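[1] fold the following for me, if possible:
(chains A and B)
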Protein chains: 2
Amino acid sequence: MLDFWFELASTYSYPAAMRLPLAAKAAGVETRWRVFLLGPLFKAQQGLSDSPFNVVEAKGRYMWRDLERICGALDLPLRRPSVFPRHTLLPARVVLAAGSQGLDLVPLVQALYRANFAEDRAIDQGEVLDEILVDLGLPAAAVREAAETPDIKAALRANTEEAAGRGLFGSPSFLTADGELFWGSDRLDAALAWARGLNHHHRD
Amino acid sequence: MLDFWFELASTYSYPAAMRLPLAAKAAGVETRWRVFLLGPLFKAQQGLSDSPFNVVEAKGRYMWRDLERICGALDLPLRRPSVFPRHTLLPARVVLAAGSQGLDLVPLVQALYRANFAEDRAIDQGEVLDEILVDLGLPAAAVREAAETPDIKAALRANTEEAAGRGLFGSPSFLTADGELFWGSDRLDAALAWARGLNHHHRD
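    Presented below is the predicted three-dimensional model:
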């Protein structure tokens, strides 16, 4: 089992989310997709009110070019969002609401990343979220209604607090059952290999 | 040709410096080893007077564990330095001084990283630098004298300014002949592949 922790506004989490399902299947590792908000962590840990990629110009310039190379190598479309980072409170709640209704999160999360980073769509807007849900054949009205309930709001706060408590400080992060943390899309394979090793260990 | 830009206090640069020579040889890529000081860049770009790994506790905790895993996989000894980051003005000048005398930088730089990150030795101290130079059979007195000359001091300032001008913000960084920047020990292979592609392109 590997926990995939993601913030929907995170650039490097886009290729990670697109690549994870096949890579996890190949490794024989089950994954749990856990959404959280990175903003509160940036604020608490680094005193930042904006993405470090906006605050530190050289880092931002590098990241966009690096992301271009990574997406190019994976044949993933990429269009730099006209707004970055987008507010992800609403779409993160939508993800949790879909999960609470027993829906498969993977296609939804991938569609949200694609909308944000390949189609430059405003995933912080209700209409856009409705379109995405409908396109996936999901019960948009029910999911969006659930997303506004106190339970779902509390669940997102709880996820974000749990992320901080587990030592996260960025997205994507991968957490193994024995508490090993891996940060960054470039650690996806190392995280899967670790999780796979645990599987084998338990089997012995 | 691939430029390897490194700060001697940088943790992830240790495995990169140890791994680069063989990896570059296997890829058929020549490398140029270019030392710089990361402190002035952290200050100018992020307003930091200390390593981000000290400033952001969660990041630091993760980095030391991640480094342990990386060094473990490469069979590299690692002992967490009792002082971090060490001041690297003096050893960086020593590296430039050795280069100015036509000496091979690679064994010296690797010895400095090993001293700092595997042996917890104070590479900011003259006596330690003398020991390292002598152990390598290098002319310690001549190198250390050259390290104090205005030319070498200016050369380090120039390297650091060039690093900033080329968009660097961290170490290790790899820069290809056509200006592609790769940051992090985990980008070493991607950087070599890019540089190798240029070689092949020029050969066509």
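[2] how about the residues of chain A by chain B?
    By C-beta under 8 Å from any C-beta of the partner chain, the residues of chain A that approach chain B are A:41, A:45-46, A:55-59, A:61-62, A:65-66, A:69, A:164, A:167-169, A:180-184, A:186-187, A:190. Quick note: C-beta positions are derived from backbone N, CA and C, even for glycine.
[3] for the longest helix along chain A, give me every contacting residue.
    Scanning chain A for the longest helix, with DSSP state H as the assignment, gives helix A:57-74. Residues from elsewhere that reach helix A:57-74 (C-beta atoms under 8 Å, 6 or more residues apart in numbering or on different chains): A:11-12, A:14-15, A:18-19, A:51-54, A:77-78, A:80, A:185, B:41, B:45, B:164, B:167-169, B:180-183, B:187, B:190.
[4] in ChimeraX, how would I select the buried members of these?
    Only the buried entries of these go into this ChimeraX selection, using 16 or more other C-beta atoms under 10 Å in any protein chain shown:
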select /A:11,12,14,15,18,19,51,53,78,185 /B:41,45,164,167,168,169,180,181,182,183,187,190
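[5] restricted to helices, list the contacts of helix A:57-74.
    Short answer: those in helices (DSSP H) are A:14-15, A:18-19, A:52-54, B:41, B:45, B:164, B:190.
[6] can you tell me which of those is nearest B:Leu198?
    Using C-beta to C-beta, B:Ala190 is the member of the ones in helices among the contacts of helix A:57-74 that lies nearest B:Leu198, at 13.2 Å.
[7] state the distance from the nearest residue in space to the closest one that is not next to it in sequence to A:Arg69.
    Nearest non-adjacent residue to B:Ala190, counting by C-beta to C-beta, 6 or more residues apart in numbering or on different chains: B:Phe182, 5.7 Å away. Going from B:Phe182 to A:Arg69 by C-beta to C-beta, to the nearest Å gives 9 Å.
[8] can you check A:Val29 too?
    26 Å.
[9] who has more neighbours, the two?
    A:Val29 (21 against 15; other C-beta atoms under 10 Å in any protein chain shown).
[10] pretty sure the more buried one is touching A:Met1, no?
    Yes - taking contacts as C-beta atoms under 8 Å, A:Val29 lies within contact range of A:Met1: 7.2 Å.
[11] can you work out which residues contact both of these two?
    A:Ala195.
[12] one step back: ok now the longest helix of chain A, how far from the chain's centre?
    Centre-to-centre, helix A:57-74 and its host chain are 18 Å apart (C-alpha atoms, centre = their mean, to the nearest Å).
[13] mind listing what's buried in that helix?
    A:58-60, A:62-63, A:66-67, A:70-71.
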